[in-house]
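In: Any chance you could fold what I've pasted below:
(chains A and B)
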Amino acid sequence: MTRARVRPRRSVLPGFGPTLGFTLLHLSLIVLLPLSALVWKTSTLGWDEFASVVSSPRVLAAYRLSFGTALVAASVNAVLGLVVAWVLVRYRFPGRALADALVDLPFALPTAVAGITLTALLAKSGCIGSRLEPLGIQVAYTPLGITVALIFIGLPFVVRSVQPVLQDLDPEIEEAAASLGASRWKTFRRVLLPTLLPALTTGFALAFARGVGEYGSVVFISGNMPMKTEIAPLLIVTRLEQYEYAAATAIALVMLLVSLAILLAINGLQAWTQRRQAA
Amino acid sequence: MATADWTVHSAAQPPPALVSARSEPLWVRAILIAVALLFLGSFLVLPLIAVFGYALQDGWRVALAAIREPHALAAIRLTLLVAAICVPLNAAFGLAAAWCITRFEFRGKNLLVSLIDLPFAVSPVISGLIFVLLFGLQGLLGPWLREHEIQIIFAVPGIVLATLFVTFPFVARELIPLMEEQGADEETAAVSLGASGWQTFWRVTLPNVRFGLLYGMVLLNARAMGEFGAVSVVSGHIRGRTNTMPLHVEILYNEYQTAAAFAVASLLAGLAVVTLILKRLIEWRAGRRGGVA
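Out: Predicted structure coming up:
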């Protein structure tokens, strides 16, 4: 790109050159250069080698576990997150402000702290785990435990995506539906839910993407048994510790591409929603 | 309970009055509130209380001793050091990026905005891995670094770089929409009246965005101090030297020193609580609602 093309159009404000320069430098050094190392390392791997790494049974089992538990957790969060957002926006009850503030806890609490706490609570000796044990339910060190940790981590995404949309909803559409004879349930299903769907999907996708790559909160509760409770990020760490850099990179690249695809889909969805609302 | 109220609205009945068009029968409300509170209570409140409970299970003396032990103190110092480097650097980056993106038109702007968000799409473990691939012994620059006796991986610089990567977008994505919304009118006026660039920045821009900046920095700080996955890949877990607080918690926990692990963890949980309070205060002062961070 030549300098003349980059020049801003008629702005009297100073500082374009230095701020853009600093932005691009920082972006290149901290994000782009390191990420390109991933592509470089993969390119040293032949296609056959790459395919044999990512299609080995242990890697496939890890992908299935990571994507599967993230999908279940994001679905639980989509349903319960919608309920939480609805209750926080629509109803007044004691403790509402506190509940609203607490929703962000998973963003603020370090993942390792969440991980050891959930494990301690849900292990056989823990205060919840010991009560579930007689019922034959084992949570810690099973895929169920991984799902619980991912529900915790993904909880804020759906609530915080749906909440603003619910808040800005025009009351007239619900009144119109009611005055035309629709029951409350029908109004919710036919009028409210379609309006909330883009925000709900965005929250779901964000929670899913986060869950797929999550490490800190899961690694303590998962038990880390190969083929059974070994998540993909842990497998990357294991390969790294064995100095199998190429294998670690191949596993990582597949995960990264899936995450990027999800991110692109979210951006596309948001752009589509904005266009539809503007029209 | 007003169950009767619900059943009378059969199809033959006239529609309910408009006042009740946006609310549900009492029993539905009660059930929804109960479900929401039960969910938040079991998934958020219980673990938060449990951290402090487990920390004090062997008495506060044990908890205090675990925090004052030299390795724990070293971990606290390293965590503070990493945050002290990452927060100002990424905040400065956020300000610069928001300034050039919202105040000027140039080609590739949308791409730049997407690239800034990129680290949020990357798993923490991969965020650490890329620095190992770049600076590790078998890495791209590994042989050169070894020749010059510079150590980045399994040392503090690697931890700082990985943390810079995972906290990269926080301030920028807070400031870009905010400054876009505010527009450039005030700054243009200041410059037209003869203010220098720095004067405009300090007197006009910074006061206007101070809440957004603070908000982003609070979240950035929480993530910088609490990051586990990325840091664990690059740190090498050398006690007293390359262990941050979350890594120290992991080591203690894996050594079955549960009370000590939770004592250090309770400091981090305290940080999370302070973060939530600050976040709420800023939202309240700025009169805004929090989005997805």
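
In: From now on I want contacts and neighbour counts done on CA atoms only, so please keep to that.
Out: OK.

In: any idea how far residue A:178 is from the closest residue to residue A:96 other than its chain neighbours?
Out: Leaving aside its sequence neighbours, residue A:96 sits nearest to residue A:88 (C-alpha to C-alpha, 6 or more residues apart in numbering or on different chains; 6.5 Å). Going from residue A:88 to residue A:178 by C-alpha to C-alpha, to the nearest Å gives 22 Å.

In: for residue A:52, same thing?
Out: Residue A:52 is 59 Å from residue A:178, where distance means C-alpha to C-alpha.

In: one step back: state the pLDDT value of the residue nearest to residue A:96.
Out: Here the pLDDT value assigned to residue A:88 is 95.

In: How about residue B:162?
Out: pLDDT, residue B:162: 96.

In: Would you mind confirming that residue B:76 makes contact with residue B:244?
Out: Yes: here residue B:76 lies in contact with residue B:244, judged by C-alpha atoms under 8 Å, at a distance of 6.6 Å.

In: quick one, which of those two is more surrounded?
Out: For residue B:76 versus residue B:244, the count of surrounding residues by other C-alpha atoms under 10 Å in any protein chain shown is larger for residue B:244: 34 against 22.

In: Give me the neighbour count for the closest residue to chain B within the stretch 151-279 of chain A.
Out: Of all residues in the stretch 151-279 of chain A, residue A:213 sits closest to chain B, at 4.3 Å by C-alpha to the nearest C-alpha. Applying other C-alpha under 10 Å, we find 27 other residues in the vicinity of residue A:213.

In: Check residue A:94 too.
Out: Neighbours of residue A:94 (other C-alpha under 10 Å): 7.

In: Could you report the separation of residue A:37 from chain B?
Out: Per C-alpha to the nearest C-alpha, to the nearest Å, residue A:37 is found 6 Å from chain B.

In: could you measure the residue in the stretch 151-293 of chain B positioned nearest to chain A against residue B:167, distance?
Out: The nearest approach of the stretch 151-293 of chain B to chain A comes at residue B:226, 4.3 Å away (C-alpha to the nearest C-alpha). With distances taken as C-alpha to C-alpha, residue B:226 is found 11 Å from residue B:167.

In: Show me which of these two is the more surrounded one.
Out: The residue with more neighbours, out of residue B:226 and residue B:167, is residue B:226; 30 against 23, by other C-alpha under 10 Å.

In: my read: that one touches residue A:110, true?
Out: Yes: if you go by C-alpha under 8 Å, residue B:226 and residue A:110 touch, sitting 4.3 Å apart.

In: Return every residue with contacts to both of those two.
Out: Listed as contacting both residue B:226 and residue A:110 by C-alpha atoms under 8 Å, 6 or more residues apart in numbering or on different chains are B:246, B:268.

In: Can you give me the buried ones in whichever strand or helix holds residue B:80?
Out: If you go by DSSP states H and E, residue B:80 is part of helix B:70-103. Of the residues in helix B:70-103, B:71-80, B:82-83, B:86-87, B:90-103 count as buried by neighbour count, 16 or more other C-alpha atoms under 10 Å in any protein chain shown.

In: more crowded one of residue A:52 and residue A:178?
Out: Between residue A:52 and residue A:178, residue A:178 has the larger neighbour count (other C-alpha under 10 Å), namely 21 against 14.

In: quick one: pLDDT of that one?
Out: 85.

In: what residues are up against the residue of the stretch 151-293 of chain B closest to chain A?
Out: By C-alpha under 8 Å, 6+ apart, residue B:226 lies in contact with A:109, A:110, A:111, A:112, B:245, B:246, B:268.

In: Residue B:134 now?
Out: A:34, A:37, B:140, B:141, B:142 are the contacts of residue B:134 under C-alpha under 8 Å, 6+ apart.
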